[in-house]
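Student: got a sequence here, can you model it:
(one chain, ligands or ions: 1)
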Amino acid sequence: MIVVEDVHKTYRGGGNGEVAAVQGVSFRCEPGRVFALLGPNGSGKTTLLRIISTLMKADFGTVEVAGQNVREQGAEVRKHLGFLTGTAGLHEKLSPLESLEFFGRLQGIKGKLLTERISALTEQFELGEFLKRPSGRLSMGQKQRVMIARTLIHDPGVVVFDEATTGLDVLAAKALTDLIRHCREEGKTVLFSTHIMGEVSMLADDVTIFHHGKQVYLGTFEDLKSQQVESTLEDEFVRLLTSEEVADA
Ligand SMILES: Nc1ncnc2c1ncn2[C@@H]1O[C@H](COP(=O)(O)OP(=O)(O)OP(=O)(O)O)[C@@H](O)[C@H]1O
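Tutor: Numbering: from 1, shown residues only. All right, here's what the predicted structure looks like:
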């Protein structure tokens, strides 16, 4: 479970003055459901996901992951959470096996348990053929599978994907969408960000739409569809964004 309550974050300094990236956001992601954070570029998605993943602190508001407060119990939160971003990379010289061992140890897993986790993930993501090859010599799709396995090494109950399909071809993107469905079947809490409505309609049970750091929609995907005014969901997404701009003006 992820509970986000009235979170605010403003970037200060850096030459561009103040940027109010997240402005009073609240929602709840339930176990066994997939929650999508949909928004255009610069709407605050990454900022919020970094706060949820303990990589950044909010100015105001609270976030709980698996019942733990991200500000006060960061280490505990990280035990329950896997975080994958589209910009994540692998150390070129380390093999997938070495990466998995390294990240497993970082999560406090060792010995027989670590060996068992690595062999389960090797099977699930078909890493066997290149498990000991330096990562610099893997294809994009192979690297992506290793990064997913690395994210899941500690079998987290909560999984967060930040624009994780960016730059992937259809097969690699499909592997990721299959994984998201698999996580839901296993009863995990899944939160993913995207700027693509098609990914939301393929995967999400619940959705919030971000614009300029504020929520212009929060509810189930079914309700979004049933309240739709425009003929396509893509047009409905644009309508929700532009009506918020009009309201702000
Ligand atoms: N470190 C930073 N310093 C100053 N401003 C920042 C910083 N990081 C992000 N911003 C600004 O905060 C706003 C929200 O950015 P964020 O990256 O959270 O959005 P996003 O929805 O993830 O965008 P994208 O889809 O392009 O990745 C943007 O206006 C961005 O320029």
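Student: CA only for contacts and neighbour counts going forward, please
Tutor: Will do.
Student: how about the secondary structure of the residue positioned nearest the centre of the chain?
Tutor: Centrality entry for the chain: nearest residue to the mean C-alpha point is Phe161, 2.0 Å, by Cα atoms, centre = their mean. Under DSSP: H, G, I helix; E, B strand; the rest coil, Phe161 falls in the strand class.
Student: and it, bridged to which residues?
Tutor: On the basis of DSSP bridges, Phe161 is bridged to Leu84, Phe192.
Student: change the start of the numbering to 30 and stick with it
Tutor: New numbering, starting at 30: the last item is Phe190.
Student: how about the helices in this protein?
Tutor: Using DSSP state H, the helices of the chain run over 74-81, 103-109, 125-135, 140-153, 169-180, 199-214, 226-232, 250-255, 262-277.
Student: including mean pLDDT, could those go into JSON lines?
Tutor: What follows is those, written out as JSON lines (pLDDT from 0 to 100):
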{"stretch": "helix 74-81", "mean pLDDT": "96"}
{"stretch": "helix 103-109", "mean pLDDT": "93"}
{"stretch": "helix 125-135", "mean pLDDT": "94"}
{"stretch": "helix 140-153", "mean pLDDT": "94"}
{"stretch": "helix 169-180", "mean pLDDT": "89"}
{"stretch": "helix 199-214", "mean pLDDT": "85"}
{"stretch": "helix 226-232", "mean pLDDT": "90"}
{"stretch": "helix 250-255", "mean pLDDT": "94"}
{"stretch": "helix 262-277", "mean pLDDT": "80"}
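Student: ok, and what's touching stretch 256-265?
Tutor: 226-227, 254, 268 (Cα atoms under 8 Å, 6 or more residues apart in numbering).
Student: at 10 Å what do you get?
Tutor: 225-227, 229-230, 250-251, 253-254, 266-271 (Cα atoms under 10 Å, 6 or more residues apart in numbering).
Student: the residues you listed, buried ones only, as a PyMOL selection?
Tutor: Entered in PyMOL, the line below selects the buried ones among these, by 16 or more other Cα atoms under 10 Å:
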select buried, resi 226+229+250+253+266+269+270
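Student: nearest to the ligand, of the contacts of stretch 256-265?
Tutor: Minimum distance to the ligand across these is 10.0 Å, recorded for Ile225 (Cα to the nearest ligand atom).
Student: local confidence estimate at the closest one?
Tutor: Confidence at Ile225, expressed as pLDDT, is 89.
Student: Val189: neighbour count?
Tutor: Counted with other Cα atoms under 10 Å, the neighbours of Val189 add up to 24.
Student: residue contacts, it?
Tutor: So Val189 contacts 64-65, 78-79, 81-82, 110-114, 180, 209, 218-222 (Cα under 10 Å, 6+ apart).
Student: next one: Ile80
Tutor: Counting by Cα under 10 Å, 6+ apart, Ile80 has contacts 33, 36-38, 86-88, 91-92, 99-100.
Student: could you do Ser222 as well?
Tutor: Here Ser222 is in contact with 64-68, 74-75, 77-78, 114, 189-194, 228-229, 236-238 (Cα under 10 Å, 6+ apart).
Student: around the ligand, pick out the residues from this protein.
Tutor: With Cα under 6 Å from any ligand atom as the criterion, the chain comes near the ligand at residues 40, 48, 50, 68-76.
Student: pick the one among these closest to Gln153.
Tutor: Thr75 (28.0 Å; Cα to Cα).
Student: and for that closest one, the neighbour number?
Tutor: Thr75: 20 neighbours (other Cα under 10 Å).
Student: once you drop chain neighbours, what's closest to it?
Tutor: Nearest residue to Thr75 in three dimensions, chain neighbours excluded: Asp191, at 6.6 Å (Cα to Cα, 6 or more residues apart in numbering).
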